[in-house]
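> The sequence and its predicted three-dimensional model are supplied below.
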Protein chains: 2
Amino acid sequence: MDYSIGQVAEAAGVTVRTLRHYDAIGLLRPSGRTAAGYRRYGDADLERLQQILFYRELGFPLEDIATILDDPDADALTHLRRQRELLMGRIDRLRAMVDAIELAMEARRVGVDLTPEERLEIFGGDPDVHRAEAEERWGDTDAYRESQRRTAAYTKEDWKRITAEQKAIVDGFAEARAAGVPATDARAMDLAERHRGFITDSFYECSVRMHRRLAELYVNDSRFTAVFDRTAEGLAQYVHDAICANADRQEAR
Amino acid sequence: MDYSIGQVAEAAGVTVRTLRHYDAIGLLRPSGRTAAGYRRYGDADLERLQQILFYRELGFPLEDIATILDDPDADALTHLRRQRELLMGRIDRLRAMVDAIELAMEARRVGVDLTPEERLEIFGGDPDVHRAEAEERWGDTDAYRESQRRTAAYTKEDWKRITAEQKAIVDGFAEARAAGVPATDARAMDLAERHRGFITDSFYECSVRMHRRLAELYVNDSRFTAVFDRTAEGLAQYVHDAICANADRQEAR
DNA sequence: GCTGGAGCCTGCCGTAACGTCAGGGTCAAC
DNA sequence: GTTGACCCTGACGTTACGGCAGGCTCCAGC
């Protein structure tokens, strides 16, 4: 509930000095102090620290991180979605670099010379893309505000619709299973696809690959299993199977 | 052949100041100066700059980069191999982060609480792994020296053996094709697999996936195509097909 | 009751990798 | 022959900390 600076440093893999620095510049102020002036970090502080470390690892300056995290228009889900996109972008970039490396390896092996431009192409690729990208993404652009409206500002109406759809899907799975419909049946798969579309429309883009990973989660993590099983015992497994079957079908198309 | 500091900065996507800094600390000294004292960069300088930028992007301090690049025991291929491994490691790490993000997204969506440790697990994962990793990798360890000996110090004997095997494989492909053996025949596929094993043993680890990428290169990049086609017209395509067929076979096993 | 060592505090100076001027030379073009 | 783009060398500023010094705090053990 309440950690000393040393404990937080240990848990997060940073130095005590770093945490004091973040306090000094106002990036992460501990939510309390003891009578003797010792810093005390709460759970919310840890959560914020985790966000800080994430953006820091991607090379964001601390000042920008503060701006991002203190944006009152961005909720946790917005952050997660942005973080995932940032990561994907980085992975793509690294993959492109791997390709370039392999090109260079093979060129050297067979004695082909690469042009200077060819070699600098990828690596010179300005590494502060995320500077411009960031401004475009969480800056004052219309596109950003638009994407914001989609989820950050749900109306009560929206929430009613969303929870209804959520319930309809889960109930649909439960009924299908009760009726003896196998998880590999088209009706179950359709429900899975509807589930995927629902997530994409209302929360975050959910690819087939990602849907598959979610299915794994539902059966492997008891906390997620419980969410389904409180509708019907063993439903998580059924949903998992339907999602997998649907994923196979989608990929086969 | 010979570029001004501004041209190099432009091409590499760095500032002029950065290049002057690298000159000042001795990391990248231009190979010449004009009578008026203007810096002049040659092709070798560009190549070194490219290496510098690579390691810099992966977060290495400039001093370490100098040590790496000035290591007399490491040739270009050694660098490329190391770079590829470093990239793969980073990609793995980013992928793990994506997984963690997706876990958090889904947890939030269905209302599951993650524990603080769970959240810090990945992100707290010390980002200076490559510090220890680097020392272990290019430091004074036995394992490193061992891996060095494999390729950095080819004897004349080795080279004779290697070029002979290279020629044997290419000739094998040419003969098979001349004899009307289809690229999808087991004999052609065996040659492809021998080619892959040859690269792995003598140069760098070549996975099936990578072998496939090399095959693409052979037909898509005219400079590589030429390497094969100077043995026999159209051989590159044949080799490409054989590699693909073999890759399918390997993956099917 | 006190004492020793681990942990915490606030300055304050150092460092790495540049950014950003200031003040001044160079060069091709008009 | 001068204008504007490009180059030079200092030199000081900045970010994100590392690493002290000098001093308080807290708990375990005698």
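Arrived safely.

> drop to CA atoms for contacts and neighbour counts, all remaining ones
Fine.

> interface residues of chain A facing DNA strand C?
Within chain A, the positions near DNA strand C by Cα under 7 Å from any atom of the strand are A:4, A:5, A:6, A:7, A:16, A:20, A:37, A:38, A:39.

> Can you select the buried ones from these in PyMOL?
If you want just the buried ones from the residues of chain A next to DNA strand C in PyMOL, going by 16 or more other Cα atoms under 10 Å in any protein chain shown, the selection is:
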select buried, chain A and resi 4+5+20+39
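
> which one among the residues of chain A next to DNA strand C gets closest to chain B?
Ranked by distance to chain B (Cα to the nearest Cα), those are led by residue A:7 at 11.7 Å.

> I'd like to know how far that closest one sits from residue B:235.
Using Cα to Cα, to the nearest Å, one obtains 64 Å as the distance from residue A:7 to residue B:235.

> Show me the two of the residues of chain A next to DNA strand C that sit farthest apart.
Greatest spatial distance in the residues of chain A next to DNA strand C: A:7 and A:37, 16.2 Å, computed using Cα to Cα.

> what helices or strands is the longest strand seen in chain A leaning on?
Ranked by number of residues, the top strand in chain A under DSSP state E is strand A:39-42. Applying 3 or more Cα pairs under 8 Å, 6 or more residues apart in numbering or on different chains; DSSP states H and E, one finds that strand A:39-42 contacts strand A:2-3, helix A:5-12, strand A:32-33.

> For the next helix or strand after it, give the mean pLDDT please.
As assigned by DSSP states H and E, the chain's next helix or strand after strand A:39-42 is helix A:43-57. Averaging pLDDT along helix A:43-57 yields 93.

> ditto for stretch A:215-226
89.

> which SSE is residue A:177 in?
Counting by DSSP H and E, residue A:177 is part of helix A:156-178.

> mind listing the helices for the stretch 151-253 of chain A?
A:156-178, A:186-202, A:208-220, A:222-229, A:235-252 (DSSP state H, counting those that start in this stretch).

> Let me see the confidence value for the nearest residue to residue A:238 once chain neighbours are set aside.
Distance criterion Cα to Cα, 6 or more residues apart in numbering or on different chains; nearest residue to residue A:238, sequence neighbours excluded, is residue A:183 at 6.0 Å. As predicted, residue A:183 sits at a pLDDT of 96.

> quick one: contacts for the residue in the stretch 151-253 of chain A positioned nearest to DNA strand C?
The nearest approach of the stretch 151-253 of chain A to DNA strand C comes at residue A:223, 32.3 Å away (Cα to the nearest atom of the strand). Listed by Cα atoms under 8 Å, 6 or more residues apart in numbering or on different chains, the contact set of residue A:223 reads residue B:112.

> Kindly state the domain boundaries assigned to chain A.
Split into domains by automatic domain parsing, chain A comes to A:2-49, A:76-151, A:156-252.

> Highest mean neighbour count out of these?
Stretch with highest mean neighbour count among those: domain A:156-252 (a mean of 17; mean count of other Cα atoms under 10 Å in any protein chain shown).

> For residue A:118, give its distance to residue B:3.
Remark: distance between residue A:118 and residue B:3 (Cα to Cα) = 16 Å.

> What of residue A:197?
Taking Cα to Cα as the measure, residue A:197 falls 54 Å from residue B:3.

> Closest residue of chain A to DNA strand D?
Minimum separation of chain A from DNA strand D (Cα to the nearest atom of the strand) falls at residue A:61, amounting to 3.1 Å.

> separation between that residue and chain B?
Using Cα to the nearest Cα, to the nearest Å, residue A:61 is found at 14 Å from chain B.

> What number of residues are in the vicinity of that residue?
Applying other Cα atoms under 10 Å in any protein chain shown, we find 12 residues neighbouring residue A:61.

> near DNA strand D, which residues of chain A show up?
Going by Cα under 7 Å from any atom of the strand, the residues of chain A near DNA strand D are A:15-18, A:21, A:34-36, A:56, A:60-63.

> May I have stretch A:21-37 exported as CSV, CA atoms only?
Output in CSV follows, covering the C-alpha atoms of stretch A:21-37 (Å, rounded to 0.1, in the frame of the first residue of the first chain):
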residue,chain,number,x,y,z
HIS,A,21,15.1,13.5,-9.5
TYR,A,22,11.5,12.8,-10.7
ASP,A,23,10.3,14.3,-7.5
ALA,A,24,12.4,17.4,-7.9
ILE,A,25,11.2,18.1,-11.4
GLY,A,26,7.6,17.3,-10.4
LEU,A,27,7.2,14.3,-12.7
LEU,A,28,6.5,11.9,-9.9
ARG,A,29,5.8,13.3,-6.5
PRO,A,30,5.3,10.7,-3.8
SER,A,31,1.8,11.0,-2.4
GLY,A,32,3.0,11.3,1.1
ARG,A,33,5.9,11.9,3.5
THR,A,34,6.5,10.6,7.0
ALA,A,35,7.0,12.9,9.9
ALA,A,36,10.7,12.7,9.4
GLY,A,37,10.4,13.7,5.8
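
> Check the offset of that stretch from the chain's centre.
Here stretch A:21-37 is found 28 Å from its chain centre; the criterion is Cα atoms, centre = their mean, to the nearest Å.

> which residues are contacting it?
Against stretch A:21-37 from outside (Cα under 8 Å, 6+ apart): A:19, A:39, A:40, A:41, A:42, A:45, A:48, A:49, A:62, A:63, A:66.

> Got the confidence number for residue A:253?
74.

> I misspoke; the intended subject was residue A:72.
So, for residue A:72, pLDDT stands at 84.

> Validate this expectation: it resides in a helix.
No. According to DSSP: H, G, I helix; E, B strand; the rest coil, residue A:72 belongs to no helix; its state is coil.

> ok, now how distant is it from residue B:157?
Distance from residue A:72 to residue B:157, by Cα to Cα: 69 Å.

> Then residue A:27?
Per Cα to Cα, residue A:27 is found 62 Å from residue B:157.

> Ok, residue A:3 next?
64 Å.

> How about residue A:32?
Shown here: residue A:32 relative to residue B:157, a distance of 71 Å by Cα to Cα.

> quick one on the thing from earlier: let's have the residues of chain A next to DNA strand C in TSV, adding distance to residue A:231.
Formatted as TSV, the residues of chain A next to DNA strand C follow (distance: Cα to Cα, whole Å):
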residue	distance to residue A:231
A:4	41
A:5	43
A:6	43
A:7	40
A:16	46
A:20	47
A:37	50
A:38	47
A:39	44
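
> for the residues of chain A next to DNA strand C, which one is nearest residue A:215?
Set against residue A:215, the nearest of those by Cα to Cα is residue A:7 (35.0 Å).

> Do you know the pLDDT at that closest one?
Per-residue pLDDT puts residue A:7 at 94.

> Same check on residue A:144?
41.

> With distance to residue B:214 and secondary structure added, can I get the residues of chain A next to DNA strand D in CSV?
Shown next, in CSV, are the residues of chain A next to DNA strand D (distance: Cα to Cα, whole Å; DSSP: H, G, I helix; E, B strand; the rest coil):
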residue, distance to residue B:214, secondary structure
A:15, 44, coil
A:16, 48, helix
A:17, 48, helix
A:18, 45, helix
A:21, 49, helix
A:34, 62, coil
A:35, 66, coil
A:36, 65, coil
A:56, 36, helix
A:60, 36, coil
A:61, 39, coil
A:62, 42, helix
A:63, 44, helix
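
> biggest helix in chain A by residues?
With secondary structure taken from DSSP state H, chain A has its longest helix at helix A:76-110.

> Any part of that one near chain B?
Yes. For helix A:76-110 and chain B, the contact criterion (Cα under 8 Å from any Cα of the partner chain) is met by A:77, A:80-81, A:83-84, A:87-88, A:90-91, A:94-95, A:97-98, A:101-110.

> Next, give phi and psi for residue A:155.
The phi/psi pair for residue A:155 (degrees, to the nearest 10) reads phi -90, psi 170.

> For chain A, which helix or strand comes out least confident on mean pLDDT?
Taking mean pLDDT, DSSP states H and E as the measure, chain A has helix A:129-138 as its least confident helix or strand, at a mean of 41.
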